[in-house]
Every structure is written in C-alpha cells, then in structure tokens.
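**Student:** The following comprises the amino acid sequence and a computationally predicted model.
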Amino acid sequence: MVPYRTDNPYRPFCCKGCKAFDLGAWASEQFRVEVKPTTEDLLDNDGL
C-alpha cells in the first residue's frame, strides 16, 4: 500500500500506471456507478 501524500503527482493513484489503468477502465465503462432512473430520465426516453 502506498501512503496518500500531497506531493504525489499521481494522487489519488499510487503511480502513473495505476492512474492510466483506472482512468481507462472508467472511460471504457468497465467501472460504473449504478443509479436508478429518475422520472425525468423516463420521460426523455418516451420520445424515442
């Protein structure tokens, strides 16, 4: 485990490689945060 330090240019990641891997996973939607659709979301989809 790498300590969280303010002088780490890659924080909150431990290194450049971990930053690239994690951000790449979010960008490719391998990582997702699930949310329930709102009423507005459902109304927006009715027009399709």
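**Tutor:** It's in. Residues are numbered from 1 along each chain as shown.
**Student:** For the longest helix belonging to the chain, the averaged confidence score.
**Tutor:** As far as residue count goes, and with DSSP state H defining each element, the longest helix of the chain is helix 16-27. When the per-residue pLDDT values of helix 16-27 are averaged, the result is 88.
**Student:** Tell me which helix or strand comes right after that helix.
**Tutor:** Following the chain from helix 16-27 toward its C-terminal end, the next helix or strand by DSSP states H and E is helix 39-46.
**Student:** Name the surrounding residues that touch stretch 25-45.
**Tutor:** With contact meaning C-beta atoms under 8 Å, 6 or more residues apart in numbering, stretch 25-45 is reached by residue 22. All C-beta spots, glycine's among them, are computed from the backbone N, C-alpha and C.
**Student:** quick one on the thing from earlier: buried ones in the longest helix of the chain?
**Tutor:** Going by neighbour count (16 or more other C-beta atoms under 10 Å), nothing in helix 16-27 comes out as buried.
**Student:** Using CSV, list the CA coordinates for that helix.
**Tutor:** Once non-C-alpha atoms are left out, helix 16-27 reads as follows in CSV (Å, rounded to 0.1, in the frame of the first residue of the first chain):
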residue,chain,number,x,y,z
LYS,A,16,1.3,6.7,-13.4
GLY,A,17,0.5,3.1,-14.4
CYS,A,18,-2.3,2.8,-11.9
LYS,A,19,-3.7,6.1,-12.9
ALA,A,20,-3.8,5.1,-16.6
PHE,A,21,-5.3,1.7,-15.9
ASP,A,22,-8.1,3.1,-13.6
LEU,A,23,-9.0,6.1,-15.8
GLY,A,24,-9.0,3.8,-18.8
ALA,A,25,-11.4,1.4,-17.1
TRP,A,26,-13.8,4.3,-16.2
ALA,A,27,-13.6,5.6,-19.8
